[in-house]
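> Predicted coordinates and the sequence they were generated for:
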Amino acid sequence: MPPSNPDPTDAELVDSFPYVQVDHDTKHFYRGWLERRLLVNRCGDCGHWHHPPKPVCPQCLSGSLEPTEVSGRGVIHLSMLLHQGPRAPGVDYVAGPHPVVTVELEEQAALRITTTLVDGPEAAAIGTPVELTWIERHGSPFPAFRTRGS
Ligand SMILES: [Zn+2]
């Protein structure tokens, strides 16, 4: 479902994600969430990807950064099961541990994003192929991963 406002102002963007820090460096990343697109900064000079967003390329220090949509495919690099933690929509620590996974994206070695896995804790094994999916938190899209066949 498309967002009700396809071109939000910076203030509206901040209001959409009260639980994260939206600033000059991260606003393109979170604007992508509203469109259910995972946008990762790519350097216009050397082609290096980096995440989380920084003001300059960590590889060559160029300020020519382009928020670029990634495929969403990757492999679980690190896996944690939270038995307690902050409250979040859809997270029920009583029903079972909440999986948190760091996924290495296929675009580049060591390009990693940390979020949850919708398949549940038993599927969160290191090395498992996954793909991007979207869930909803606080009324706004939130990126997550699901397992896929290799
Ligand atoms: Zn660069």
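Looks like it came in fine. Since we're looking at a predicted model, the values are computed, not measured.
> Quick check: the residue of the chain positioned farthest from its centre vs R87, distance?
Centroid-distance maximum for the chain: V94 at 25.3 Å, with CA atoms, centre = their mean. Distance of V94 to R87, given as CB to CB, to the nearest Å: 12 Å. C-beta coordinates here come from the backbone N, C-alpha and C atoms, glycine included.
> so where is the chain shaky, pLDDT-wise?
Residues of the chain meeting the criterion pLDDT under 70: 1-6, 150.
> Would you mind giving the domain segments of the protein?
By the assignment in automatic domain parsing, the chain contains the domains 1-69, 71-150.
> how far is stretch 7-24 from where the chain is centred?
15 Å (CA atoms, centre = their mean, to the nearest Å).
> on that earlier part again, between the domains of the chain, which one is nearest to the ion?
Nearest to the ion, of all the domains of the chain, is domain 1-69, at 3.0 Å by CB to the ion.
> Might one say that T68 is in contact with V40?
Yes - using CB atoms under 8 Å, T68 is in contact with V40, at 6.1 Å.
> what do these two both touch?
When contacts are counted by CB atoms under 8 Å, 6 or more residues apart in numbering, T68 and V40 have W49 as shared neighbours.
> helix/strand/coil for the residue farthest from the centre of the chain?
The three-state label given to V94 by DSSP: H, G, I helix; E, B strand; the rest coil is coil.
> Buried residues of the helix or strand hosting T116, list them for me.
Element membership for T116 (DSSP states H and E) is strand 112-116. Using 16 or more other CB atoms under 10 Å as the test for burial, strand 112-116 gives R112, I113, T115, T116.
> and the two most separated of those?
Greatest spacing in the buried residues of strand 112-116, by CB to CB: R112 and T116 (14.4 Å).
> Not counting its neighbours along the chain, what's nearest P89?
Spatial nearest neighbour of P89, chain neighbours left out: R137 (5.0 Å); criterion: CB to CB, 6 or more residues apart in numbering.
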